[in-house]
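Trainee: okay, predicted coordinates and the sequence, questions at the end:
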Amino acid sequence: MKLLEYEAKEIFSKYGIPVPKGVFIRAPEEITAHLPDIGDAVVLKAQVDVGGRGKAGGVLFAEGAEAAGTARELFSREIRGVPVRGILAEEKLSIEHEYYVSIAVDRSSRQPVILFADAGGVDIESAALADGSAVRRAVVSPLLREIPAFLMRYLLGGAPKELAPTINRLYHVFREKDAMLAEINPLVTTPEGVYAADAKLIIDDNALARQGIAVNRDLSEREREAEKHGFSYVELDGSIGVIGNGAGLTMSTLDLIEYYQGRAANFLDVGGGADQERVMHAVRLVASMPGVNVIVVNLLGGITRCDEVAKGIIAADVSPTIVVRMAGTNEEEGRQLLAERGYRMLESMDAAIRAALEVSA
Amino acid sequence: MIYGDKDLGVIVQNITGRQGRFHTELMNDYAREVGGRGVIAGAAPGKGGQEVYGVPVYNTVREALREHDAAASVIFVPAMAAADAIMEAAHAGIELAVVITEHIPVHDTMKAIAYAKLHDCTVIGPNSPGLLSPGECKLGIMPAHLATRGGVGVISRSGTLTYEVVDELTRAGIGQSTVVGIGGDPVVGQTFVDVLARFEDDPRTEAVVIIGEVGGNLEEEGVRSTDLPVVAYVAGVSAPPEKRMGHAGAIIEGGEGDARSKARRISALGVPVASRPSEIPGLIRGVL
């Protein structure tokens, strides 16, 4: 889960990473009481989970008394379609130089990987692509608690040594907070010292519970329902409903719909051991999506009981047409149950999807 | 046969759990069918002295290995204790740990894999359906009846999609040497590169099917690393960016890892890429 900048900065600050003086506000007038602490030159940053926030008008500057008015202006905006519900108001830093540092999980080496660049700022990603030598990269053994000094020297190159403690503390955050990504862009030097001017922190979804982080996503009613049953569920914009077991097979089912020039309405992975109850809930959930007139059920696996699946489909009793492809144990019983109720069961993924497209057209 | 054959002795960690129990029986059904050793012992803390389908249970891996000659462990331990189970196995002398568990925090996985490496223990998974060498051995949860013995290796990040492809191959009369589910997590012990290196040393394997999906670029890395004839399939061409498609590792992040560009890059290396699973047998015939 991606944290908002102010949440990430609260964590960074606890780990000793210097962040600008600031306050998180939910209404424009809240800022006035905090101006004596922050100072007269204020940066107002919309707290929205949107890339390219600055370019999209999500960052404004203000002086003293005008801050509340500027905040009101920012609260009234939508940043790439996302309404502004909170603002981080911070002191404006006197930046001397900008750097970039990030720590991520490297799939290839199975270790944390640190990237450091002498130039930070909004276009670092494209700069890194254009000139690989501008970015230095080092992997660290996950068994180490600190970044070894020789790696730190390599990463910094000619950059000031005073950045090292901050980078090492970012590594502590990365390790101890179960981060998939911990990034400071830009990391800046000022006459007053080093600061994390921005902050990005993505926490491993599988570690949220032990990190005590409540999931604060805005879920739709159907998404909440899916979560309750433990389904992996993503809504798309087509009209063909999809239920599969296993992430790969379900993705492949969506791809095949696209291959035959149809459009899938959703991704729904019922998971292992799809029994009558789970299948019924999955079918009802997908059938409740507006515009869905046909549902492809594609279940495969050694332990899937086809008679259970058939009973689940029948029990769901929904209006969209259901096309079934399944393989597993008790296939014959399943086929017979479905046939008695007029459901179509097909032999292959391709055949099932072609049949669904005929209905949908 | 790249990770073991009929003679491979296997233990199961958390053999007394629902999944561990169920799949111990299926693994040993298969071992009986092919005349292999199968699961010869189990480990579960506090459950020492029990039996699961005739297989003796010990409190620790170390105790199990004191009484039995096993080189591999299949791990069904719950997510928050699974990394510890991997390290316990490696420390006790297990050479191959197959981790079925899903939802292990990535930092735990990174540490456990690094620790296992110090003890020369190979880790497959986590979030893996395991591996199957038809006619030799089965470690994990793959449905064995879909597979048939032959010369094509299969490497996949997925479970059920692997069964789909194996089923297609078998129906087309193309047998498999070994089917390896490397796991759907962002960090896994054996990547495409590692498994392909084993296939290169395997006299039975003539060609390999790589089944990838959105997220990362390890499929391409694998294709670049091998001289074997390869056919690829990448699931998720219709996946929207920044949405996790079921697997923890199946996410397009920062514009990286989308299936279409991945397929394009693999194709540019001269490897045929199937646009749907049913095309795979035909493409394999073309490279054999």
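Mentor: In hand now; what should we look at?
Trainee: can you tell me which residues in the stretch 1-150 of chain B are near chain A?
Mentor: B:22, B:26, B:79-80, B:103-107, B:109-111, B:113-115, B:141-146 (Cβ under 8 Å from any Cβ of the partner chain). All C-beta atoms are positioned from the backbone trio N, CA, C, and that covers glycine.
Trainee: tell me the contacts of the residue lying closest to residue A:207 once chain neighbours are set aside?
Mentor: Leaving aside its sequence neighbours, residue A:207 sits nearest to residue A:178 (Cβ to Cβ, 6 or more residues apart in numbering or on different chains; 3.4 Å). For residue A:178, the contacting residues are A:203-204, A:207, A:210-211, B:105-107, by Cβ atoms under 8 Å, 6 or more residues apart in numbering or on different chains.
Trainee: pLDDT on stretch A:110-123, on average?
Mentor: What stretch A:110-123 shows for mean pLDDT is 85.
Trainee: that one near chain B anywhere?
Mentor: Yes: counting by Cβ under 8 Å from any Cβ, chain B has neighbours in stretch A:110-123: A:110-112.
Trainee: can you map out the strands along chain B?
Mentor: Taking DSSP state E to define them, one finds strands in chain B at B:10-13, B:39-43, B:51-52, B:55-58, B:72-75, B:96-99, B:122-124, B:130-133, B:137-140, B:149-156, B:176-181, B:207-213, B:230-235, B:273-274.
Trainee: turn these into TSV, including mean neighbour count and distance to residue A:339.
Mentor: Putting these into TSV (neighbours: other Cβ atoms under 10 Å in any protein chain shown; distance: least, Cβ to Cβ, whole Å) gives the following:
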stretch	mean neighbour count	distance to residue A:339
strand B:10-13	30	40
strand B:39-43	26	39
strand B:51-52	16	39
strand B:55-58	21	41
strand B:72-75	29	39
strand B:96-99	29	40
strand B:122-124	25	41
strand B:130-133	26	33
strand B:137-140	27	34
strand B:149-156	23	33
strand B:176-181	28	33
strand B:207-213	28	32
strand B:230-235	28	31
strand B:273-274	22	32
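Trainee: quick one: low-confidence parts of chain B?
Mentor: Residue ranges of chain B with pLDDT under 70: B:1, B:253-255.
Trainee: show me the contacts for residue A:258.
Mentor: A:264, B:237-238.
Trainee: so which of those residues wins on neighbours?
Mentor: residue A:264 (26 neighbours; other Cβ atoms under 10 Å in any protein chain shown).
Trainee: need the contact list for that residue.
Mentor: A:236, A:238, A:240-242, A:253-254, A:257-258, B:238.
Trainee: now do 6 Å
Mentor: Neighbour list for residue A:264: A:236, A:238, A:240, A:242, A:254, A:257 [criterion: Cβ atoms under 6 Å, 6 or more residues apart in numbering or on different chains].
Trainee: phi first, then psi, for the second one.
Mentor: To tie it back to what came earlier, the one meant is residue A:238. Per-residue torsions, residue A:238: phi -90, psi -160 (degrees, to the nearest 10).
Trainee: element containing the nearest residue to residue A:95 once chain neighbours are set aside, please.
Mentor: Computed as Cβ to Cβ, 6+ apart, the closest residue to residue A:95 that is not its neighbour in sequence is residue A:188, at 4.8 Å. Using DSSP states H and E, residue A:188 falls within strand A:179-190.
Trainee: can you pull the buried residues of that strand?
Mentor: By neighbour count with 16 or more other Cβ atoms under 10 Å in any protein chain shown, strand A:179-190 contains the buried residues A:179-189.
Trainee: same for that strand, what does it pack against?
Mentor: The contact analysis (3 or more Cβ pairs under 6 Å, 6 or more residues apart in numbering or on different chains; DSSP states H and E) places strand A:179-190 against strand A:97-106, helix A:164-176, strand A:200-203.
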